[in-house]
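Student: can't give you the sequence, but here's the structure:
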Ligand SMILES: O=P(O)(O)OC[C@H]1O[C@H](OP(=O)(O)OP(=O)(O)O)[C@H](O)[C@@H]1O
Ligand SMILES: O=c1cc[nH]c(=O)[nH]1
Ligand SMILES: [Mg+2]
């Protein structure tokens with residue numbers, strides 16, 4: 001798995017990340033979701049440079065302009081619920097993409113023993129697709145690995161891009177084992193230090209789902 005950390009290079013994404021992480025800013029729920037959406041747009045834009053393009057002749061009122069356009073059948077596969085705002089950012093860029101969803105949540109547990117519940121899957125046929133697996137937080141990696149296994153029951157994508165906002169090294173290591181091929185790319189806006197005993201990313205941002213939508217029972 002190839003890892004691309006787009007936060008490594010200074011850009012506007014620094015501002016969105018700072019607001020996401022800031023303990024005071026992040027109390028503003030609409031702003032928090034909007035920052036996830038904006039980061040999704042930035043990652044999607046960078047990822048768009050890796051798609052397969054063919055020239056199409058576009059007819060304007062005054063002539064013909066040959067224009068490279070992507071051929072890929074893009075499916076954006078998102079892990080609910082924290083992934084929803086990020087999903088919208090990808091859809092803003094790839095506005096004709098198909099969407100797929102699974103719902104997964106972590107039962108509280110330790111980082112060695114985190115139980116994940118997967119409850120729902122809705123996906124189009126994935127055979128031959130360029131599949132974007134989207135979730136803001138890559139902590140232990142358990143949710144993304146389980147989500148991928150659920151998604152591929154709907155077919156085998158030809159390209160896999162895993163797209164997150166903050167990745168912990170532990171999660172990256174787990175996904176490296178699950179996806180050893182260099183054909184798979186992990187896109188992230190930051191790589192953070194470590195996980196705490198409850199498997200939260202440190203310094204991270206806290207609980208992305210709760211900050212987006214409120215605490216769940
Ligand atoms: O890498 P992992 O250790 O599996 O952790 C990451 C998962 O945690 C968050 O979801 P959460 O379980 O908090 O559910 P939520 O979206 O309902 O908040 C996040 O959106 C990931 O799905
Ligand atoms: O730090 C973390 C880890 C998992 N899920 C989150 O929302 N935050
Ligand atoms: Mg959560």
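Tutor: All right, it came through fine. All of these numbers come straight from a predicted model, not from anything done at the bench. Ligands and ions are numbered 1, 2, ... in the order given.
Student: From now on I want contacts and neighbour counts done on CA atoms only, so please keep to that.
Tutor: Noted.
Student: so residue 152, which of the three states?
Tutor: helix (DSSP: H, G, I helix; E, B strand; the rest coil).
Student: Now for the closest residue to it other than its chain neighbours: which residues touch it?
Tutor: Of all residues beyond its chain neighbours, the one nearest residue 152 is residue 126 (7.1 Å), with distances taken as C-alpha to C-alpha, 6 or more residues apart in numbering. Applying C-alpha atoms under 8 Å, 6 or more residues apart in numbering, one finds that residue 126 lies in contact with 75, 152, 154-157.
Student: Let me see the contact set for residue 164.
Tutor: Contacts of residue 164 were listed using C-alpha under 8 Å, 6+ apart, and they are 134-138, 186-189.
Student: Nearest residue to it in space, please, no chain neighbours.
Tutor: residue 136 (4.5 Å).
Student: that older thread, looking at the contacts of residue 164, which has the most residues close by?
Tutor: Most neighbours among the contacts of residue 164, by other C-alpha atoms under 10 Å: residue 134, with 29 neighbours.
Student: Ligand 2 versus that residue, what's the distance?
Tutor: 13 Å (C-alpha to the nearest ligand atom, to the nearest Å).
Student: hey, what's that residue bridged with?
Tutor: residue 78, residue 163 (DSSP bridges).
Student: check contacts around it.
Tutor: 76-79, 83, 86-87, 162-164.
Student: circling back: among the contacts of residue 164, which one sits closest to ligand 3?
Tutor: residue 137 (9.1 Å; C-alpha to the ion).
Student: ok so, going back, which of the contacts of residue 126 are buried?
Tutor: 75, 154, 156-157 (16 or more other C-alpha atoms under 10 Å).
Student: Can you tell me which residues in this protein are near ligand 3?
Tutor: Within the chain, the positions near ligand 3 by C-alpha under 5 Å from the ion are 207, 209.
Student: Contacts for the biggest helix by length in the chain, please.
Tutor: The residue-count maximum for a helix in the chain (DSSP state H) belongs to helix 29-48. Here helix 29-48 makes contact (C-alpha under 8 Å, 6+ apart) with 6, 13, 16-17, 19-20, 25-26, 85-90, 92-94, 136, 163, 165, 187-189, 211-213.
Student: on that earlier part again, was I right about the residue nearest to residue 164 contacting residue 86?
Tutor: Yes: judged on C-alpha atoms under 8 Å, residue 136 makes contact with residue 86 at a distance of 6.9 Å.
Student: Give me the three-state assignment for the residue lying farthest from the centre of the chain.
Tutor: Relative to the mean C-alpha coordinate of the chain, counting by C-alpha atoms, centre = their mean, the farthest residue is residue 62 (40.4 Å). Under three-state DSSP, residue 62 falls in the coil class.
Student: which residues sit in contact with it?
Tutor: With C-alpha under 8 Å, 6+ apart as the criterion, no residue contacts residue 62.
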